[in-house]
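>>> Okay, predicted coordinates and the sequence, questions at the end:
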Amino acid sequence: MGARVIVVTSGKGGVGKTTSTANIAVALAKRGKKVVAVDGDIGLRNLDMVMGLERRIVYNYIDVIEKNCRIAQALVHDKRLKDHLYLLPAAQTRTKDAVKPEQMKELCDQLRPDFDFVIMDCPAGIEGGFRNASAGADEALVVTTPEIPAVRDADRIIGMLESMGKSPIRLIINRFRPVMVQNNDMLSQDDILDILSINLIGVVPEDDSVIKASNSGEPLALDQNTPAGEAYSNIAARILGEDIPLLPLDAPSEGIFSGLRKMFGF
Amino acid sequence: MDFFKRWFGGGGSSSAEKAKKRLQLVLIHDHTDISPQLLNSLRIDMIAVLRKYMDIDESKIVMNLDHMEEEMGTVALVANIPVLRVKRGAGDEGQPKLTVSEEAILSDRRVVSGAASPRAQSGGRVKRHR
């Protein structure tokens, strides 16, 4: 049985697609799955840096598509999760029109036999970059934050994914701030679900560690010692079909940590 | 702090409630917005139909999909069409436009003014309801 190919998209930029892709890939690999994270953002690649693998890149998948190398030569093996985690990088010096959706679909099909999961990071927008990244995917994860522009864009992208027949399409609410939500200053989980009407797969709290992780190239899910890291780990578990309940609002999301205690003000 | 916000801010709805309401309204708009081409085709078809009944000032037609803010979820096609003249005879067949009043026949032999219309079977002059 081939891999599940999942595109991580949002419409809106900067809401956490790349961070989510990296961490979900890491979390799935930690659970013993063989995962390749693909950077769908040609020309503005970032997945390599978030994963801390930027210095290991030799070839990218444009090279593969243009038959300048074999796919195995382009795959970067993440030694932290030996034999389980790989990165397929994008080209930094090309643009989104360097490939066509059919070629991306074929690329994904080439990866299917050798992996359990292909997690495709999608660029922001609804044009060619999005179409390329989602061409080969079966399922979609839509990332949003609890803010008007992000939710509005998520709505549009969900519409497009539905018309492309992607299924299931599930939501990640990122950068969630329980205190603001409790004060009615931020859209709640229920508000967002009312508006978008898709299934929720996880809520990731606002967490300073995300920035520090990106600074050092060590995705949070490697450790799970942080609120966001644990949230991503739970998302991976739910992707695998495990029924992990979302924690209620008044409890610190997904675990008790000093960072969250600070947020609550004590 | 909240008390003052409510007093000065007006409405009393929370920040999150405002966001939710605005999002819901704008998404109705986003979902039901008609494309300019479609609106134009609709306009051309409508003018053709209206022309059978009246002369209109085509250059001054305003047509829009209106998203009724007071009633969430409803959309109305609102068209403002200046009418220059209603065509005579158009659509009159079978419609009882005239009311016959015996008094009028007996006491008032005033001629009915204006455009022609099917006379009453009695053949007399009758007042027409305008």
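Yep, it's here. Please read these numbers as outputs of a predicted model, since none were measured by experiment.
>>> quick one: stretch A:225-236 to chain centroid distance?
In this view, stretch A:225-236 has its centroid 13 Å away from the chain centroid, taken as C-alpha atoms, centre = their mean, to the nearest Å.
>>> Residue A:52 is in contact with residue A:216, correct?
Yes. Residue A:216 lies in contact with residue A:52 (C-beta atoms under 8 Å); the separation is 6.9 Å. Every residue, glycine included, has its C-beta placed from N, CA and C.
>>> out of those two, which sits in the more crowded spot?
residue A:52 (20 against 8; other C-beta atoms under 10 Å in any protein chain shown).
>>> do you know how far the residue lying closest to that one once chain neighbours are set aside is from chain B?
Nearest residue to residue A:52, sequence neighbours excluded (C-beta to C-beta, 6 or more residues apart in numbering or on different chains): residue A:217, at 2.3 Å. To chain B, residue A:217 is 35 Å away according to C-beta to the nearest C-beta, to the nearest Å.
>>> Would you confirm that residue A:217 contacts residue A:47?
No. Residue A:217 is beyond contact range of residue A:47, at 11.0 Å (criterion: C-beta under 8 Å).
>>> With only the CA atoms kept, save stretch A:192-207 in PDB.
Backbone C-alpha positions of stretch A:192-207 (Å, rounded to 0.1, in the frame of the first residue of the first chain) are rendered in PDB as follows:
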ATOM      1  CA  ILE A 192     -13.900  29.100  13.600                       C
ATOM      2  CA  LEU A 193     -15.500  25.700  13.100                       C
ATOM      3  CA  ASP A 194     -18.900  27.400  12.800                       C
ATOM      4  CA  ILE A 195     -17.600  29.500  10.000                       C
ATOM      5  CA  LEU A 196     -15.400  27.000   8.200                       C
ATOM      6  CA  SER A 197     -17.500  23.800   8.800                       C
ATOM      7  CA  ILE A 198     -14.700  21.300   8.400                       C
ATOM      8  CA  ASN A 199     -13.300  18.800  10.900                       C
ATOM      9  CA  LEU A 200     -10.700  20.000  13.300                       C
ATOM     10  CA  ILE A 201      -7.500  18.000  13.700                       C
ATOM     11  CA  GLY A 202      -5.700  20.100  16.200                       C
ATOM     12  CA  VAL A 203      -5.100  23.400  18.000                       C
ATOM     13  CA  VAL A 204      -1.600  24.600  18.400                       C
ATOM     14  CA  PRO A 205      -1.100  27.300  21.100                       C
ATOM     15  CA  GLU A 206       1.000  30.400  20.600                       C
ATOM     16  CA  ASP A 207       4.400  29.400  21.800                       C
END
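>>> Would you mind listing the buried residues in it?
Residues of stretch A:192-207 classed as buried by neighbour count (16 or more other C-beta atoms under 10 Å in any protein chain shown): A:192, A:195-196, A:198, A:200-207.
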